[in-house]
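*Asks:* could you look at this predicted model? Sequence included:
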Amino acid sequence: MCSLLTKAAAAAAARRQDRLRVALRGLGEQSGASSVSPAGDGRPRAAAGAPPRGRRRYSTGTRLSDGLLFRQLFESESSTYTYLLADAVSKDAVLIDPVLETVDRDLKLIEELGLRLKTAVNTHCHADHVTGTGLMKTRLAGLKSAISKSSGAAADVLLSEGDRITFGNHYLTVRETPGHTDGCVTLVTQDEGVAFTGDALLIRGCGRTDFQQGCSKRLYASIQQKIFTLPDRCLVYPAHDYLGQTVSTVGEERAFNPRLTKSLEDFVAIMNNLNLPKPSKIDISVPANLVCGVHHV
Ligand SMILES: N[C@@H](CCC(=O)N[C@@H](CSS)C(=O)NCC(=O)O)C(=O)O
C-alpha cells in the first residue's frame, strides 16, 4: 500500500515537473522566475529566496534575437524594471520606464554601449515613482518621450493601438491594455517573442485597480485579449516585481497566474479584496508624470 502511494506521489511529481518544463520552454538563460505559490486571495507569498529590498543592483542582458541588444535594469526603492533595447548595428535605442533616481546609471550605460537613445517610453502614468524621461530629455538632444494618448499625459509622441516605436531595424508594437490605468500599454517586439507588460500583467500577479481609473473588468479583458493571445513562448517582462522574479512567459502566466486563471467574477472579487496600502509617492508621482516628470527636476 505504502509503495503504491509512493509510486502515485512520484508519478504526480513527475507530471508536475513536465508541466513546469513545458511552461518554462522558451525562457532560455533568462529564467530567473522563482516559483511562487498563490495565497488564497491571489497574492503571491514572499519567496524564501527573494533578495532583501534595496540590495538588488543588477542588470541582466541577453540577445533576444539577432541584432537586438537587451538589458533589464532595476530600481530598488520602487521595485521598478527599466528596459533598454537597441539595434546592435545602427545603435539606435529605446528605453522603457526609466526612473528619475536611476537616470545617471541608465545614461552611463547607454554611453558605454555606444548607443543613441531615440525614445524613452512610459508604459503608463506611474503612481509609485517619478519617471526619468523628462530629466533625460534635458541631457540628451533629440530624445523623444512617448506615452499613450489615453494616459492624458504630455509627451513628444502620443501612442495608440498598433503604433510602432522603431529603433534601427527593430520595432515595438503598441497594444492598449487598460485596466490598471486608462492609458496602460503593452509593448511587443516584432517577432512577438517579448512583451513589456507594464503594470497590466505582473509575474504571477497583475496591476492593482483601485485608483487612477482602475477597473478590474477592463484589466481582465485586456490581459485575456491582448496579452494571452500572444504565443506561449513570448517572454513577459513587467514594470515591477516585488519578489525578485525577473521574467515569465505568456504560457506560464496563462497556466499559473493565480488571478488570471480565475473566472472574471472571481478575478473581480480578488481585486476588490487586495487591500493594498496606497503607494507612498502617489501624490507626487502622478502630477509629475502627467508632465513627463519634469516639474520635479
Ligand atoms: N508599496 C509600493 C506600491 C506597491 C503597489 O501598489 N504596486 C502597484 C504597482 S505600482 S502603482 C501594483 O499594482 N501592485 C499590485 C500588487 O498586487 O502588488 C509603494 O508604496 O510605492
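*Replies:* Received the coordinates, thanks.
*Asks:* contacts and neighbour counts: CA atoms only from here.
*Replies:* Fine.
*Asks:* what about the helices in this structure?
*Replies:* Secondary structure of the chain (DSSP state H): helices at 2-24, 103-112, 133-139, 216-222, 250-256, 264-272, 282-289.
*Asks:* lowest average pLDDT across those helices?
*Replies:* In terms of average pLDDT, helix 2-24 trails the rest of the helices of the chain, at a mean of 45.
*Asks:* Gln245 and Ile203 touch, don't they?
*Replies:* Yes: counting by C-alpha atoms under 8 Å, Gln245 does reach Ile203; the two are 7.2 Å apart.
*Asks:* so between the two, which is more surrounded?
*Replies:* Ile203 (29 against 22; other C-alpha atoms under 10 Å).
*Asks:* distance check, that one against Thr166.
*Replies:* 27 Å (C-alpha to C-alpha, to the nearest Å).
*Asks:* same deal with Asp87?
*Replies:* 10 Å.
*Asks:* neighbour count: these two, which is higher?
*Replies:* Asp87 (22 against 17).
*Asks:* I'd like to know how far that one sits from Ile270.
*Replies:* 41 Å.
*Asks:* give the residue spans of the stretch 151-297 of the chain that score low on pLDDT.
*Replies:* 295-297 (pLDDT under 70).
*Asks:* point out the residues in it that sit beside the ligand.
*Replies:* Gly205, Cys206, Gly207, Arg208, Pro279, Ser280 (C-alpha under 6 Å from any ligand atom).
*Asks:* of these - the most surrounded one?
*Replies:* Neighbour max across those (other C-alpha under 10 Å) = Cys206, 27 neighbours.
*Asks:* thought that residue was touching Gly214?
*Replies:* No: using C-alpha under 8 Å as the test, Cys206 is too far from Gly214 to be in contact (11.9 Å).
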